[in-house]
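Chemist: model the structure of this input:
(one chain, ligands or ions: 1)
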Amino acid sequence: MKQRDFATRSIHDAEKPLKDTGEFGDVVIPIHLTTTFARKEPETATRGMDYSRTGNPTRQALERKLASLEQAKHGLAFASGLAAETAVIISTLKSGDSIIAGDDLYGGTRRLLVNFGSRFGIEVKFADLSNPENALSVISEKTRMIWCETPSNPFLKITPLKEVCGLASDKGILTVADNTFASPFFQNPIKLGCDIVVHSTTKYIGGHSDTIGGAVVTDSDTLFESIKFFQNAAGGIMSPFDSYLTLRGAKTLAARMAIHERNARSIANLMASSGKVKEVFYPGLETHPLHSVAVQQMTGFGGMVSVKLNTDLAGVRRFLSGLELFSLAESLGGVESLIEVPSMMTHLSVPPDERRRLGIDDTLIRISAGIEGENDLIDDLESALSRI
Ligand SMILES: Cc1ncc(COP(=O)(O)O)c(C=O)c1O
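Modeler: This next block holds a predicted model:
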């Protein structure tokens, strides 16, 4: 056969459309960068793949992995946690509906619900979902969804999922759990009756602070179809490269979570006994008001600890500047330990009155325990606490 020109070969050789877009026996799922897939016939997409916004083999591998991690049927991967949340809200709610959301939420989720909910005629009511009675007291005929974060951000509140999901499903109300803090390693809300789970995969699932992403997981074919339709129609997909990094992160989730938790537990104990702290928020402590519920619905308590330091803002600044191993940074769930002040950082978008009402003041510190050596983290914190 006559050899083709270099220019032709450089474009076409080894770039023939793959016959099978699934796994090829690769040990690692490849980063599948193509934007489009060639067909033999106009009507028939090659193995269901037509355009990478609609479906991409690397992203689909991750989507299958996410479903599997949450022990659910379907997974979908988005460009960020907030893109995943937007997909859930827009695909399931309409103008005139009402949503009940936990009062302790990531500030960006609250901002999304409040700012865009009101623009599109969706009423948002906040309630402390640690007590399901609080949800019952604000349910109305218009309530279509209950949205909880458990453990929540920043106070690590626990929502009793079986109870809340039970009362919601009796009334035909959808339940959504943001499972970012627990990670699928420590909690599987679908198994506890939730309709939808969302994740910021930016956090524990990605695990290395190098990729932003989000996930939606569900057992329901109907919810999956409508959220997938929105994923393609609006286009907030996770890229193949981010999907690859997230897949890579997911492989070590179990090993990392065990160390995150070991370190968080030590930090919570140190803080509780330090004499420098007014309150410690960690569901693994027996003093946590919903510790017994956490024991029932989680297999571990996670790597996040919040504390209220017994000092003023100047003391908080001295404490923060005394740390060597904890970076002062937003986000969480990476291998490196992070620390932040929610009132000035992650929860700055919560209106000041609301922050005051919720107790998010300048002495509240949120810690994401990394997977460094436990003793090094404790030494670092002890030395910073001595500066208060
Ligand atoms: C609990 C929780 N949910 C959702 C998000 C939003 O995720 P992303 O930053 O990936 O959009 C965050 C971000 O901090 C979060 O902490």
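Chemist: list of residues touching stretch 163-170?
Modeler: Contact with stretch 163-170 is made by 129, 132, 135-136, 146, 148, 174-175, 189, 192-195, as judged by C-beta atoms under 8 Å, 6 or more residues apart in numbering. (Each C-beta comes from the backbone N, C-alpha and C, glycine too.)
Chemist: same deal with stretch 214-230?
Modeler: Under C-beta under 8 Å, 6+ apart, the answer for stretch 214-230 is 66-67, 70, 72-85, 87-88, 90-92, 174, 190, 195-202, 205, 238.
Chemist: about what we covered before: with respect to the ligand, which of the contacts of stretch 163-170 is nearest?
Modeler: C148 (10.7 Å; C-beta to the nearest ligand atom).
Chemist: spell out the secondary structure type for the closest one.
Modeler: Here C148 is strand, with the state taken from DSSP: H, G, I helix; E, B strand; the rest coil.
Chemist: what does the pLDDT read for the residue in the chain that the ligand sits nearest to?
Modeler: Residue of the chain nearest the ligand, by C-beta to the nearest ligand atom: G81 (2.3 Å). Looking at G81, its pLDDT reads 98.
Chemist: T246 now?
Modeler: So, for T246, pLDDT stands at 95.
Chemist: again, but for E15
Modeler: 56.
Chemist: ok, the one 5 residues further on next?
Modeler: At D20, the model reports a pLDDT of 50.
Chemist: what's the worst-scoring helix or strand of the chain on mean pLDDT packed up against?
Modeler: Every helix and strand of the chain was ranked by mean pLDDT, DSSP states H and E. The lowest is helix 6-12, at a mean of 75. Using 3 or more C-beta pairs under 8 Å, 6 or more residues apart in numbering; DSSP states H and E as the contact criterion, helix 6-12 has no neighbours among helices and strands.
Chemist: buried ones in that helix?
Modeler: Across helix 6-12, burial judged by 16 or more other C-beta atoms under 10 Å covers no residue at all.
Chemist: C-alpha coordinates for the helix or strand just after that helix, PDB please?
Modeler: Next helix or strand after helix 6-12 toward the C-terminus (DSSP states H and E): helix 57-69. What follows is helix 57-69, C-alpha atoms only, in PDB (Å, rounded to 0.1, in the frame of the first residue of the first chain):
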ATOM      1  CA  PRO A  57     -15.000   8.000  28.100                       C
ATOM      2  CA  THR A  58     -12.800   9.400  30.800                       C
ATOM      3  CA  ARG A  59     -15.700  11.300  32.400                       C
ATOM      4  CA  GLN A  60     -18.000   8.300  32.000                       C
ATOM      5  CA  ALA A  61     -15.400   6.100  33.800                       C
ATOM      6  CA  LEU A  62     -15.400   8.600  36.600                       C
ATOM      7  CA  GLU A  63     -19.200   8.800  36.600                       C
ATOM      8  CA  ARG A  64     -19.400   5.000  37.000                       C
ATOM      9  CA  LYS A  65     -16.800   5.200  39.800                       C
ATOM     10  CA  LEU A  66     -18.700   7.900  41.700                       C
ATOM     11  CA  ALA A  67     -21.900   5.800  41.500                       C
ATOM     12  CA  SER A  68     -20.000   2.800  42.700                       C
ATOM     13  CA  LEU A  69     -18.400   4.700  45.600                       C
END
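Chemist: which other helices and strands contact helix 57-69?
Modeler: By 3+ C-beta pairs under 8 Å, 6+ apart, helix 57-69 packs against strand 74-78, helix 183-186, strand 214-218, helix 240-250.
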